[in-house]
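Novice: Sequence first, then the predicted structure, then my questions.
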Amino acid sequence: MAASDNEKSRLDEAARAGWLYFIAGHTQDEIAKMLQVSRASAQRLVSLCLAERLITFRLEHPIAACMELAARLKDLFHLAYCEVVPTDPAAPLSAAGIAERAASILESTLRTEKPTIVALGTGRAVRAAVERVSPIDCPNHQIVSLVGNISADGSASFFDTVGRLADRTKARHYPMPLPFLMSSERERDQMLKIDPIAKVRAVAAKADLRLVGVGQMDRQAQVHVDGFVSREELFEMMRLGAVGELTGWAFNEEGHLIKGGTNLRLTSIPPRVPAEALTIGAAVGRAKVPAMRAALKGRLLNGLITDEATAGAILKP
């Protein structure tokens, strides 16, 4: 108990130091005097405030180059929503920027008075976005999973998002308690008829917002790296023409869902074609460009969050 109290006191001090520095605009020397600590301690408290995400930042000024890329993507692919964030030259694959923007739209959706349903995929970008959502008390809303999150060995995905967002928002949540893949198409069809599963899928079908990651289908495909599909299953999908996947559903370069392979045994909720509710893909990186371009071309998505470098690559002829 004493250790817990000490930790809480330390975080309180860090939060106070962070507020004084970032909000009130005081120098670290001034903060040291106010808190009656050394300058080094004040510096450590401000750093702790950042490390523990006790204070967060959002860029309010739109950057012209990002706005231009977003406008071109919206026009080319008839998107309802598009955000392009700056690329971090030191970490071009970092999801921090797109996660911040995805968190912003999650928050704005969940702060509405009207009861709302948010459907989530899995993956690093979506998980990072959920971690950036500020705590909100919104019990009238519902959060539902689009993806069965149990891998072949029975373990759950570390990047599951529904439970985590429910913790931060107090919203009712509906996980998809199914293996990502079943052993056969017939077994999959039987599982989807189970009443609790059918109810979860019915909630997802009414979602007002869908936020999903976009996965590539190559040797580094995340569905393979994370253990959801085997090497042989991945190669089969590649032979069938798969270039990307949304919630596990593989599609070809035209954005058409593959008719065969793992798609026959997948328990995830398939994308609507064309997307009806706001369906936003969040992804970054050159390796994902073919998948993102195909998903946009096939109208599997009507919203996109990405960075400058990725957006530029998508737009290249």
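Specialist: Cool, the structure landed.

Novice: doesn't P115 make contact with N140?
Specialist: Yes - counting by Cβ atoms under 8 Å, N140 touches P115, with 4.7 Å between them. Using the backbone N, CA and C atoms, a C-beta is placed for each residue, glycine as well.

Novice: Now for the closest residue to A156 other than its chain neighbours, how many residues are close by?
Specialist: In this structure, A156 finds its nearest non-sequential neighbour in N149, 5.5 Å apart by Cβ to Cβ, 6 or more residues apart in numbering. For N149, the neighbour count with other Cβ atoms under 10 Å is 24.

Novice: N149 contacts F180, doesn't it?
Specialist: Yes - at 6.9 Å, N149 and F180 qualify as touching, with contact defined as Cβ under 8 Å.

Novice: how close does the residue nearest to A156 get to E233?
Specialist: Look at N149 and E233: by Cβ to Cβ, to the nearest Å, they are 17 Å apart.

Novice: how about T262, secondary structure?
Specialist: helix (DSSP: H, G, I helix; E, B strand; the rest coil).

Novice: The closest residue to it other than its chain neighbours - how many residues pack around it?
Specialist: In space, and not counting its chain neighbours, T262 is closest to E233: 5.3 Å by Cβ to Cβ, 6+ apart. A total of 17 residues lie near E233 under the criterion other Cβ under 10 Å.

Novice: I'd like to know the phi and psi angles of E233, please.
Specialist: Dihedral pair for E233: phi -70, psi -40, per degrees, to the nearest 10.

Novice: Can you tell me how far it is from Y21?
Specialist: 51 Å.

Novice: Please, which helix or strand holds R44?
Specialist: helix 39-51 (DSSP states H and E).

Novice: ok, and for the very next helix or strand once past that helix, which residues are buried?
Specialist: The first helix or strand that comes after helix 39-51 along the chain, using DSSP H and E, is helix 64-77. Using 16 or more other Cβ atoms under 10 Å as the test for burial, helix 64-77 gives 66, 69-70, 72-74, 77.

Novice: now stretch 184-199
Specialist: Those would be 188, 197, for stretch 184-199 by 16+ other Cβ under 10 Å.
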